[in-house]
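Asker: Sharing a sequence plus its predicted fold:
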Amino acid sequence: MMNRKISADLLFYKGKWKTGLAIEVSDQGKIIQISDDLTDCEFFAGALVPGWINAHCHLELSNLEGRIPPHTGMAGFIQKLATVRPKGTNGPTAIHSQLQKMYDRGIRGIGDISNDTSTFALKQKGAHPMRFFTFVELFGLDPNKAQYLVESGIKMSTALPSGEASVSWHAPYSMSAELIEKIGALATLNNQPLNLHLLESSEEVQLFSSGTGPLADFLKHIGITPLPDRFGKGDVLDFLLPLLPKGIPILLVHVTELQPAQLERLRNSGLNISYCLCPGANLYIHNKLPPADLFDPTRDRVMLGTDSLAGNWHLDILEEIKLLSKHFPTLSTETLMYWATQAGADFWGWQDLGEFEVGKQPGILGLTGLQNGRIYSDTQLTVLA
């Protein structure tokens, strides 16, 4: 087949909106040339952007769409999930269907969370054109079980392609200090990234600050009595930061309750921190958005995710961008485009994804319905390559 040459009103290139450029692409989607030669071009009336990176997803929960009502709060969501997850049906079909929908919506790479092996068949080499990195997620508050849990996680991760998985954390309220440290040591040994749900809810803040609230009640309900000493002592970062390994890339997810002083503390911690925002999931579960405008695009590494269909209306990065664009008008669309594309690709070292560059194969998405280069609720997506 012949190469294609595509131009548009705008092109997201090197972190900026550009005009007067064309992309020549092979029939396999590899970029052959980017130039200002617009002769013999297909012209797209809108903007061209690279394929999205969904930096935080729970693909294995795809069969739970609509099973948990919105606005349950964190403890309510966990309780509902424990009830509906064992009764979920049609798991493999739903997983495959939602993965294809994500691909059709322009997502080309996924940072996925796994508590079981239900998604592993689709993550084998050549099984799907999507790129994956899987965090095999562990949790457990009993320090005596930390080593067993890590060994179980290692065994589970070996079923995935080498270099495409790591044993990782869940959240600071669900892990013993011993488990946190052992996972960090393993990641340091293997030079692997880690994922952590942090400051996701006001209930988590209340648990650490006073030892009370819905999460405290839930932990007691499942037999965690007395509560670990860390709860009721203050800021979660006081407990957490001394346990985290330096040097290893750490992705902090949600951070819905992050405060300016905490962000500054994380910036000065000496840790290799990045952030993932999942605004749709935060609205679904907590009816609250993350403080996206706290982040400085020149200082903070931020990316976007969808979380799961158990706690979101969609697995669609464009919808996440629309939410942030609507509610945070000071955030430029160029910043949101970078968060949705290159930031995630760089985090996982996916050198063929995330940006328009010769030799890369990031996918080409066409966006219509922009106004002065900004995303709005009626912006639509077309997959062009």
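Answerer: Nice, thanks for sending it over. Numbers count the residues shown, from 1 in each chain.
Asker: where are the low-confidence patches of this protein?
Answerer: Where the chain drops to pLDDT under 70, the residues are 1, 87-89.
Asker: Going by residue numbers, what spans are helices in it?
Answerer: For the chain, the helices defined by DSSP state H cover 73-84, 91-104, 146-157, 177-190, 202-210, 214-221, 236-240, 260-267, 279-286, 317-327, 333-340, 342-348.
Asker: okay, those in a markdown table with mean neighbour count next?
Answerer: Just so you know, the C-beta spots here come from the backbone N, C-alpha and C atoms, and that holds for glycine as well. Shown next, in a markdown table, are these (neighbours: other CB atoms under 10 Å):
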| stretch | mean neighbour count |
| --- | --- |
| helix 73-84 | 18 |
| helix 91-104 | 16 |
| helix 146-157 | 17 |
| helix 177-190 | 19 |
| helix 202-210 | 20 |
| helix 214-221 | 18 |
| helix 236-240 | 19 |
| helix 260-267 | 14 |
| helix 279-286 | 24 |
| helix 317-327 | 21 |
| helix 333-340 | 23 |
| helix 342-348 | 24 |
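Asker: out of these, nearest to T368?
Answerer: helix 317-327 (11.5 Å; CB to CB).
Asker: quick one: the closest one to helix 91-104, angle?
Answerer: Helix 317-327 runs at 60 degrees relative to helix 91-104, counting by axes from the mean of the first three to the mean of the last three CA atoms, to 10 degrees.
Asker: so what secondary structure elements neighbour helix 317-327?
Answerer: When contacts are defined as 3 or more CB pairs under 8 Å, 6 or more residues apart in numbering; DSSP states H and E, helix 317-327 packs onto strand 52-57, helix 279-286, strand 302-304, helix 333-340.
Asker: just to revisit the earlier point, the helices of the chain: which one's closest to W169?
Answerer: Judging the helices of the chain by CB to CB, what sits closest to W169 is helix 177-190, at 5.6 Å.
Asker: That closest one packs against which elements?
Answerer: So helix 177-190, by 3+ CB pairs under 8 Å, 6+ apart, packs with helix 146-157, strand 165-168, strand 194-198.
Asker: any chance of those in a markdown table, with distance to H128 too?
Answerer: Formatted as a markdown table, the helices and strands packed on helix 177-190 follow (distance: least, CB to CB, whole Å):
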| stretch | distance to H128 |
| --- | --- |
| helix 146-157 | 19 |
| strand 165-168 | 15 |
| strand 194-198 | 21 |
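Asker: closest one to N272 among these?
Answerer: Closest of the helices and strands packed on helix 177-190 to N272 is strand 194-198, at 9.7 Å (criterion: CB to CB).
Asker: All the strands of the stretch 1-150 of the chain, residue numbers only.
Answerer: Shown for the stretch 1-150 of the chain, the strands assigned by DSSP state E, counting those that start in this stretch span residues 4-13, 16-18, 22-25, 31-35, 42-50, 52-57, 107-114, 131-137.
Asker: Pick the most buried one from these.
Answerer: strand 52-57 (a mean of 28; mean count of other CB atoms under 10 Å).
Asker: and the gap between the most centrally placed residue in the chain and G111?
Answerer: By CA atoms, centre = their mean, the chain has its centre lying nearest to H56, at 2.1 Å. Distance of H56 to G111, computed by CB to CB, to the nearest Å: 6 Å.
Asker: do R131 as well
Answerer: 10 Å.
Asker: Give me the common contacts of those two.
Answerer: Here R131 and G111 have W348 as joint contacts, going by CB atoms under 8 Å, 6 or more residues apart in numbering.
Asker: picking up where we left off before, and the closest residue to the residue nearest to the centre of the chain other than its chain neighbours, how many residues sit next to it?
Answerer: Nearest-residue entry for H56: G305, 2.8 Å, with adjacent residues in sequence omitted and distances by CB to CB, 6 or more residues apart in numbering. G305 has 30 neighbouring residues, counting by other CB atoms under 10 Å.
Asker: Quick one: closest of the strands of the stretch 1-150 of the chain to L198.
Answerer: strand 52-57 (11.9 Å).
Asker: related to what we said a few turns ago, got a list of what the residue nearest to the centre of the chain touches?
Answerer: 111, 113, 195, 251, 253, 276, 278, 305-307.
Asker: Any chance you could give me stretch 43-55 in PDB, C-alpha atoms only?
Answerer: In PDB, the C-alpha atoms belonging to stretch 43-55 read as follows (Å, rounded to 0.1, in the frame of the first residue of the first chain):
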ATOM      1  CA  PHE A  43      -6.600  17.400   4.900                       C
ATOM      2  CA  PHE A  44      -8.400  16.900   8.200                       C
ATOM      3  CA  ALA A  45     -10.600  19.900   9.400                       C
ATOM      4  CA  GLY A  46      -9.500  19.900  13.000                       C
ATOM      5  CA  ALA A  47      -6.500  18.900  15.000                       C
ATOM      6  CA  LEU A  48      -4.100  15.900  14.900                       C
ATOM      7  CA  VAL A  49      -2.800  14.400  18.100                       C
ATOM      8  CA  PRO A  50      -0.900  11.200  19.000                       C
ATOM      9  CA  GLY A  51      -2.700   8.200  20.400                       C
ATOM     10  CA  TRP A  52      -3.600   8.400  24.100                       C
ATOM     11  CA  ILE A  53      -1.900   6.700  27.000                       C
ATOM     12  CA  ASN A  54      -4.400   5.400  29.700                       C
ATOM     13  CA  ALA A  55      -2.000   5.500  32.700                       C
END
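Asker: Please work out which residues outside stretch 346-358 touch it.
Answerer: Outside stretch 346-358, the residues touching it (CB under 8 Å, 6+ apart) are 11-14, 23, 31-34, 48, 50-51, 53, 55, 108-109, 111, 131, 133, 193, 249, 251, 274, 301, 303, 341-345, 359-364.
Asker: residues in contact with G29?
Answerer: 361, 363-364, 385.
Asker: Looking at these, which two lie furthest apart in space?
Answerer: Longest span within the contacts of G29, CB to CB: Q361 and I364, 9.8 Å.
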